[in-house]
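K.L.:
Below are the sequence and a predicted model; questions follow.
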Amino acid sequence: MLFNRFLKKEKEKNIVYDTSNRYYIEHDLLPELILGENGVSILYGLLKEKGEFFVDLFNRLNSEDINYHCPYKISDYKIRGIKLNDDKYCVEISLPRPEREPLCKNIYIIHGQHYEDRRYFTIERGHSEKEQFLCEWTSDKKHKLYTACTDNILQEILRIIS
């Protein structure tokens, strides 16, 4: 499986996976997978498996720890596809409540009709739960901080990408 090959390469880098920290998954692994050359396959898997995708991901990353128990449930994740306009679509991922800054509340993967031109946006928690920021991760692993969140996130994202 594509994900297994990627995970094997990551483990060969001797990366330590912090089971209490979602940061790596939300800000490094997922953008790399989704924006990479096999991103369409990853998106198909994500849309099909929904929350199971994330719980399985946590379990795979921690497979060598026999005492590991994923802190999240499948039902903690909500994933849906949204048509934004005639040529832009979105996969919206609602995540478990972010315990601290800068974990994500939501991820928005914007793409064309055939999953081309993918972009990876996040709603990241600030110092308090009420403080949230719209950010983007690029394929070259750059982090862009756009603004404090507005009432209409998708309209703001459309404005940014147009």
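P.N.:
Received, thanks.
K.L.:
Helices of the chain, residue ranges please.
P.N.:
Secondary structure of the chain (DSSP state H): helices located at 2-12, 23-24, 30-35, 39-49, 51-61, 153-161.
K.L.:
buried stuff in the fifth one?
P.N.:
This points to helix 51-61. Under the neighbour-count criterion of 16 or more other CB atoms under 10 Å, helix 51-61 has 51, 53, 54, 55, 57, 58, 61 buried. For glycine as for every other residue, the C-beta is placed from the backbone atoms N, C-alpha and C.
K.L.:
Same question for stretch 57-76.
P.N.:
Applying 16+ other CB under 10 Å to stretch 57-76 flags 57, 58, 61, 62, 70 as buried.
K.L.:
out of the helices of the chain, deepest packed?
P.N.:
helix 30-35 (a mean of 22; mean count of other CB atoms under 10 Å).
K.L.:
what comes into contact with that one?
P.N.:
3, 6, 39, 42-43, 46, 107, 109, 118-120, 137-139, 141 (CB atoms under 8 Å, 6 or more residues apart in numbering).
K.L.:
for the chain, where's the lowest mean pLDDT among helices and strands?
P.N.:
helix 2-12 (a mean of 53; mean pLDDT, DSSP states H and E).
K.L.:
before we move on, the earlier item: confidence-wise, which of the buried residues of helix 51-61 comes last?
P.N.:
When the buried residues of helix 51-61 are compared on pLDDT, residue 61 comes out least confident, at 86.
K.L.:
residues contacting residue 77?
P.N.:
Contact analysis of residue 77 by CB under 8 Å, 6+ apart lists 50, 51, 53, 54, 55, 93, 94, 95, 96.
K.L.:
at 6 Å instead, please
P.N.:
51, 54 (CB atoms under 6 Å, 6 or more residues apart in numbering).
K.L.:
Next one, pLDDT for it please.
P.N.:
pLDDT at residue 77 comes out at 97.
K.L.:
what separates residue 54 from residue 31, distance-wise?
P.N.:
Counting by CB to CB, to the nearest Å, the gap from residue 54 to residue 31 is 15 Å.
K.L.:
what's the span of stretch 23-43, first residue to last?
P.N.:
Terminal residues of stretch 23-43 are spaced 20 Å apart (CA to CA, to the nearest Å).
K.L.:
That one: how far from the chain's middle?
P.N.:
Remark: stretch 23-43 is offset 7 Å from the chain centroid, using CA atoms, centre = their mean, to the nearest Å.
K.L.:
for stretch 77-94, same thing?
P.N.:
13 Å.
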